[in-house]
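Participant: Below are the sequence and a predicted model for it; my questions follow.
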Amino acid sequence: MNAAAARLIALVEKYGAHNYHPLPVVIARAKGPFVWDAQGRKYFDFLSAYSAINQGHNHPKIVAAAKKQLGKVALTSRAFHHELLGPFLELLCRISGKERALPMNSGAEAVETAIKAMRLWGYRRKGVPENKAEIIVCAGNFHGRTTTIVGFSSDRLSTENFGPATPGFRAIPYGDASALERAIRPETVGFLFEPIQGEAGVIIPPEGWLAAARAICSENRVLMCADEIQTGLGRTGKMFACEHESVIPDLYILGKALSGGLYPISAVCADDEILGLFTPGTHGSTFGGSPMACAIGMAALKVIVDERLPQKAAQTGAYLKGLFDTLEHPLLKEVRGRGLMLALEFKTRVRPLVERLLALGLLAKDTHENTIRLAPPLTLTRAQAKAAFLLVKKAVAAFPA
Ligand SMILES: *Cc1c(COP(=O)(O)O)cnc(C)c1O
């Protein structure tokens, strides 16, 4: 790292809150699966901003859509109509198969929106007594950083010192269908889950769990709410990760790749019997569904569909997983993943491996100490996948046993 980069990092250290521990690289530009630092050093981006960059950095069609809208009208607020909201909602509904969509900005805001929607449905449709609604969540979950959401996190760093927790949530073990069945009470309005737990270290639930959860929710009149902010929009080799078990949840929560990284855009998609219950004044967002967001969101969704990114993720993911499966290291515990949501779990801390990969020209991030997540843009070619694998192989070979 040169002096200019060190100065920029020192500025962040001095003036920023220390709520992140970034790798010592300062990115200056990006394209496709690559980023460059100011010295022109090129890196594979194998984090993709936690799956916000499924379409690759600066996808030309999304950039063009943003440029076309920029300077025209950026924000109206929802107090007035604008030309792009209807077409964006229609496209969201076509892709999700749901009757309505509610646009927000960050993923956490969409999760909050889904929580409100499930409670609203519980009071208005299921007849749950006022203030008694309960939502079942999973241990090891990651749904965002608001006070309500961290209140039902099982990660000590997320919750400790940030209480009191919002009541109305109960955690069960992830991937355990009978625990879900046992946890349901008359006041239970929803079950909020990730089809694969990303932040927990790419945890894939047992086969059949999603389908079993679907059946249990339907039998007990509990809304099944899939947080597909990270797993959705092609990442796991399907448009939605729930499709791996042909499951259709009652609510989809989307974010991240919904903008291809150009803007914070999130949404909840559900049928009229749920989202139709909101009335003017009961929910909102100044920026949610803005003209900029709709222009970018539509372009981002079209790229996923037109370039068949879910299929690409399935193919490139299977190829890359096959390569990773050939890695040999005494401390390598497991290679796992679905589509291009891959992870290598070791029996030791992987931060030194992550730093070695940085030096070799590949950016990836450790999650939960012992796991390295590998999640490149879905546009990655086979040749690029092979080249990136060789870097990982080199770093693993040099990793002390
Ligand atoms: C990233 C993420 C969120 C939160 O999204 P933000 O845009 O950071 O608020 C919620 N759920 C899952 C599964 C995520 O991966």
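Facilitator: Done, it's in. In this text, all values refer to a predicted model and were calculated from it rather than measured experimentally.
Participant: contacts and neighbour counts: CA atoms only from here.
Facilitator: OK.
Participant: CA-only coordinates of stretch 299-314, as PDB, when you get a sec.
Facilitator: In PDB, the C-alpha atoms belonging to stretch 299-314 read as follows (Å, rounded to 0.1, in the frame of the first residue of the first chain):
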ATOM      1  CA  ALA A 299     -32.600  -1.800 -15.700                       C
ATOM      2  CA  ALA A 300     -31.100  -4.000 -12.900                       C
ATOM      3  CA  LEU A 301     -34.000  -6.500 -13.100                       C
ATOM      4  CA  LYS A 302     -33.900  -6.600 -16.900                       C
ATOM      5  CA  VAL A 303     -30.200  -7.400 -16.900                       C
ATOM      6  CA  ILE A 304     -30.800 -10.300 -14.600                       C
ATOM      7  CA  VAL A 305     -33.600 -11.700 -16.800                       C
ATOM      8  CA  ASP A 306     -32.100 -10.900 -20.300                       C
ATOM      9  CA  GLU A 307     -28.600 -12.200 -19.500                       C
ATOM     10  CA  ARG A 308     -30.000 -15.300 -17.800                       C
ATOM     11  CA  LEU A 309     -27.900 -14.600 -14.700                       C
ATOM     12  CA  PRO A 310     -29.600 -17.200 -12.500                       C
ATOM     13  CA  GLN A 311     -28.700 -19.900 -15.100                       C
ATOM     14  CA  LYS A 312     -25.200 -18.400 -15.400                       C
ATOM     15  CA  ALA A 313     -24.800 -18.500 -11.600                       C
ATOM     16  CA  ALA A 314     -25.800 -22.200 -11.600                       C
END
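Participant: can you list contacts of stretch 122-138?
Facilitator: 115, 119, 152, 168-174, 180, 183-184, 186-193, 221, 277 (CA atoms under 8 Å, 6 or more residues apart in numbering).
Participant: Let's see that with 7 Å instead.
Facilitator: Applying CA atoms under 7 Å, 6 or more residues apart in numbering, the external contacts of stretch 122-138 come out as 119, 168-174, 187-193.
Participant: Arg336 falls within a helix, correct?
Facilitator: No: going by DSSP: H, G, I helix; E, B strand; the rest coil, the assignment for Arg336 is strand, not a helix.
Participant: My guess is it contacts Phe346. True?
Facilitator: No: checked against CA atoms under 7 Å, the pair Arg336 and Phe346 is beyond contact range at 11.5 Å.
Participant: Closest to the ligand out of the contacts of stretch 122-138?
Facilitator: Phe193 (8.4 Å; CA to the nearest ligand atom).
Participant: Kindly state the pLDDT recorded for that closest one?
Facilitator: Looking at Phe193, its pLDDT reads 98.
Participant: residues contacting it?
Facilitator: Phe193 touches Val137, Cys138, Cys225, Ala226, Asp227, counting by CA under 7 Å, 6+ apart.
Participant: which helices and strands does the helix or strand where the third one lies pack with?
Facilitator: Meaning Cys225. Using DSSP states H and E, Cys225 sits in strand 223-227. Judged by 3 or more CA pairs under 7 Å, 6 or more residues apart in numbering; DSSP states H and E, the packing partners of strand 223-227 are strand 188-193, helix 209-219, strand 251-254.
Participant: could you redo those as TSV and give each row distance to Arg78?
Facilitator: Below are the helices and strands packed on strand 223-227 laid out as TSV (distance: least, CA to CA, whole Å):
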stretch	distance to Arg78
strand 188-193	28
helix 209-219	34
strand 251-254	20
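Participant: Now which of the contacts of Phe193 would you call buried?
Facilitator: Val137, Cys138, Cys225, Ala226, Asp227 (16 or more other CA atoms under 10 Å).
Participant: could you show me where the helices are in the stretch 301-401 of the chain, in order?
Facilitator: Per DSSP state H, counting those that start in this stretch, the stretch 301-401 of the chain carries helices over the ranges 309-324, 351-360, 382-397.
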